[in-house]
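>>> sequence and predicted structure are below.
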Amino acid sequence: MCGRVNVSDNEGIRVLLESLGMTTWPSREPRFNIAPTQTLDVVRLDDELTLVPMSWGISMSLPGKKGMVTRRIQNSRDDKVWSSRLWKPLIERQRVLVPVNGFYEWKRENRKLVAAYYITPASAAAMFFAGIYKASADESAKPEVSIITTSANERMSEVHDRMPVILQSDNEAMAWLQENDRSTLDELIVPAGNDALQITQVSNYVNKSSNEGPECIAPIAA
């Protein structure tokens, strides 16, 4: 699961993009609490690597109690992307990288939220998530992006049973964009190692999606 992300450190994102040979990361207003339906800048491979603003969450028509309803799906499960007729064309041909400084997850007990956590790379300022995208039905609107999720590693499982697919090297990031062989892509859709992430408990200030600022990532004092 991945319900909010942080893209507040322009320098960290710039260094990450430079590792792929990209030279463009316009200075952005720090955004500490990006929620689904809001805009994410993602990396797409066209003739060259390009930064493209996309709306977080792919619109899908799904059965509801009163007929078909349209929902925005911000995360795509690894165990469904190849079998679902909705997701398969996207993972086959429309893959992107989603650069972030970190993401948030919430621990629940008996379905009740009991703690919020901020998760970052253990040894870098930013990381790439594996994503898929599709064009909006409205040609004037932004494309829509969804983040691939997989089973949590041992450390993350203490907070949640799912986690984003994190591409942990330049080679993995470029393979996600360039390769078309399913077995190669499946090798990338795995949980990050237990030592790849730092997990920090933060306050419930981040629970409200309209709350912004460094308070979102401030650690709770031990």
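Happy to help now that I have it. Quick caveat, the model's predicted, so the values are computed rather than measured. Numbering: from 1, shown residues only.

>>> what mean pLDDT does stretch 209-222 get?
Mean pLDDT, computed over stretch 209-222, is 92.

>>> stretch 89-109 now?
Averaged across stretch 89-109, pLDDT comes to 96.

>>> in it, what counts as buried?
Under the neighbour-count criterion of 16 or more other CB atoms under 10 Å, stretch 89-109 has 90-91, 95-106 buried. Just so you know, the C-beta spots here come from the backbone N, C-alpha and C atoms, and that holds for glycine as well.

>>> who are the packing partners of the longest strand belonging to the chain?
Longest among the strand segments of the chain by residue count, using DSSP state E, is strand 112-121. For strand 112-121, the packing partners by 3 or more CB pairs under 8 Å, 6 or more residues apart in numbering; DSSP states H and E come out as strand 102-109, strand 197-202.

>>> paired strands for the helix or strand following it, with orientation please.
Next in sequence after strand 112-121, counting helices and strands by DSSP states H and E, comes strand 127-134. When pairs are called by DSSP bridges, strand 127-134 turns out to pair with strand 95-100 (antiparallel), strand 144-151 (antiparallel), strand 166-167 (antiparallel).

>>> you'd agree Glu92 is up against Asn180?
Yes: counting by CB atoms under 8 Å, Glu92 touches Asn180, with 7.1 Å between them.

>>> quick one, what contacts Asn75?
When contacts are counted by CB atoms under 8 Å, 6 or more residues apart in numbering, Asn75 touches 1-2, 146-149, 162, 164.

>>> C-alpha coordinates for the longest strand of the chain, PDB please?
The C-alpha trace of strand 112-121 is given here as PDB (Å, rounded to 0.1, in the frame of the first residue of the first chain):
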ATOM      1  CA  LYS A 112      -8.000   1.300  14.000                       C
ATOM      2  CA  LEU A 113      -5.100   3.600  13.100                       C
ATOM      3  CA  VAL A 114      -2.600   3.500  15.900                       C
ATOM      4  CA  ALA A 115       0.600   5.000  14.400                       C
ATOM      5  CA  ALA A 116       1.900   6.800  11.300                       C
ATOM      6  CA  TYR A 117       5.300   6.100   9.800                       C
ATOM      7  CA  TYR A 118       7.600   7.900   7.300                       C
ATOM      8  CA  ILE A 119       9.700   5.500   5.200                       C
ATOM      9  CA  THR A 120      12.800   6.700   3.400                       C
ATOM     10  CA  PRO A 121      15.800   5.200   1.600                       C
END
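
>>> buried residues in that strand?
In strand 112-121, counting by 16+ other CB under 10 Å, buried: 116-121.
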